[in-house]
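**Q** sequence-free structure coming up:
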């Protein structure tokens, strides 16, 4: 059995769908941070069958929880201090996301103005539908 050391201070992202940890690693830009990161892929889980876990030795302020909520708002975020879980944060779909997804509409201003942020607004929380702020192009999460 694999044993990954305990965190003294940091964040544990738990209940990640199996195989999604590398996407989260890239989208949270953990490769650009100067901290220790452990990724556990395909761990056994009674609740999910298989899951991924990411342990990050950094303050919670360093992570963009909006991006994480957009990727998967069912992920459990455990905040660790002195080796113990001191808080569990629940994620929600963010009302607005910037530069995470790109508008696919060729007539959108974002395809002409390269420096312009790609901004999507949550249009339908139940169906998890976002729309481009500039052209109303629909983006549905899968």
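**A** Yes, it's here. Small disclaimer: the values here were computed from a predicted structure and weren't measured.

**Q** Model confidence score at residue 142, please.
**A** Predicted confidence (pLDDT) for residue 142: 63.

**Q** and residue 21, what is it in contact with?
**A** Neighbouring residues of residue 21 by Cβ atoms under 8 Å, 6 or more residues apart in numbering: 39, 40, 41, 52, 53, 54. Using the backbone N, CA and C atoms, a C-beta is placed for each residue, glycine as well.

**Q** Put together TSV for those, with neighbour count on each row.
**A** Converted to TSV, those look like this (neighbours: other Cβ atoms under 10 Å):
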residue	neighbour count
39	17
40	16
41	15
52	25
53	21
54	24
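
**Q** From those residues, which land in strands?
**A** 39, 40, 41, 52, 53, 54 (DSSP state E).

**Q** And the lowest-mean-pLDDT helix or strand in the chain, what does it pack against?
**A** Using mean pLDDT, DSSP states H and E, the weakest-scoring helix or strand in the chain turns out to be helix 65-71, at a mean of 88. In terms of contacts (3 or more Cβ pairs under 8 Å, 6 or more residues apart in numbering; DSSP states H and E), helix 65-71 is packed against helix 21-27, strand 96-98.

**Q** Low-confidence regions, the protein specifically.
**A** 1-5, 142 (pLDDT under 70).

**Q** distance from the centroid: which residue in the chain tops it?
**A** The centre of the chain is farthest from one residue, residue 107, which by Cα atoms, centre = their mean lies 28.8 Å away.

**Q** so what's the nearest residue to it once chain neighbours are set aside up against?
**A** Setting aside the residues directly before and after it, residue 107 is nearest to residue 135 in space (Cβ to Cβ, 6 or more residues apart in numbering), at 6.8 Å. Each residue near residue 135 by Cβ under 8 Å, 6+ apart is listed here: 103, 105, 107, 108, 109.
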